[in-house]
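A.B. asks: take this sequence and fold it.
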Amino acid sequence: MARVRSMLARVGRLERSDAPAQCPFERQYGTLENMAREWRGMMSAGMLDPRDGEALIAIVYRWRNDRVWDLWR
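C.D. replies: Below is the predicted model of the structure:
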């Protein structure tokens with residue numbers, strides 16, 4: 001029985017290590033949709049250039065989809 005528990009513990013660690021790293025933008029804003037909403041509000045207020053802002057939003061979504069954050073672990 002101890003071997004089974006040991007093996008299950010090892011599998012659990014492996015599964016956690018394979019889980020994608022959390023995107024720092026999701027950590028700060030909760031979701032990327034919240035981030036995009038806030039950034040678009042900044043664009044409307046003139047605090048962020050709309051062309052740059054939309055490009056940045058697209059870049060962050062791409063980074064998350066490509067699991068770039070896993071490289072920084």
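
A.B. asks: pull the contacting residues for residue 61.
C.D. replies: Residue 61 makes contacts with residue 32, as judged by CB atoms under 8 Å, 6 or more residues apart in numbering. Glycine gets a C-beta too; all of them are placed from N, C-alpha and C.

A.B. asks: distance-wise, check it relative to residue 6.
C.D. replies: Note on residue 61: its distance to residue 6, by CB to CB, to the nearest Å, is 40 Å.

A.B. asks: ok, now residue 38?
C.D. replies: 46 Å.

A.B. asks: residue 57 now?
C.D. replies: To residue 6, residue 57 is 45 Å away according to CB to CB.

A.B. asks: quick one on the thing from earlier: more neighbours: which of residue 38 and residue 6?
C.D. replies: In this view residue 38 and residue 6 are compared by other CB atoms under 10 Å, and residue 38 has more residues nearby, 13 against 10.

A.B. asks: quick check: which element contains that one?
C.D. replies: Residue 38 is part of helix 32-44 when elements are defined by DSSP states H and E.

A.B. asks: tell me how far that helix lies from the chain's centre.
C.D. replies: Relative to the centre of its chain, helix 32-44 is centred 16 Å away, using CA atoms, centre = their mean, to the nearest Å.

A.B. asks: okay, buried residues for that helix please.
C.D. replies: For helix 32-44, the neighbour count (16 or more other CB atoms under 10 Å) marks 32, 35-36, 39, 43 as buried.

A.B. asks: ditto for stretch 52-61
C.D. replies: In terms of neighbour count (16+ other CB under 10 Å), stretch 52-61 has its buried residues at 53, 57, 60-61.

A.B. asks: switch those over to a markdown table; also include distance to residue 24 and secondary structure.
C.D. replies: Listed next are the buried residues of stretch 52-61 as a markdown table, based on distance: CB to CB, whole Å; DSSP: H, G, I helix; E, B strand; the rest coil:
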| residue | distance to residue 24 | secondary structure |
| --- | --- | --- |
| 53 | 18 | helix |
| 57 | 15 | helix |
| 60 | 9 | helix |
| 61 | 14 | helix |
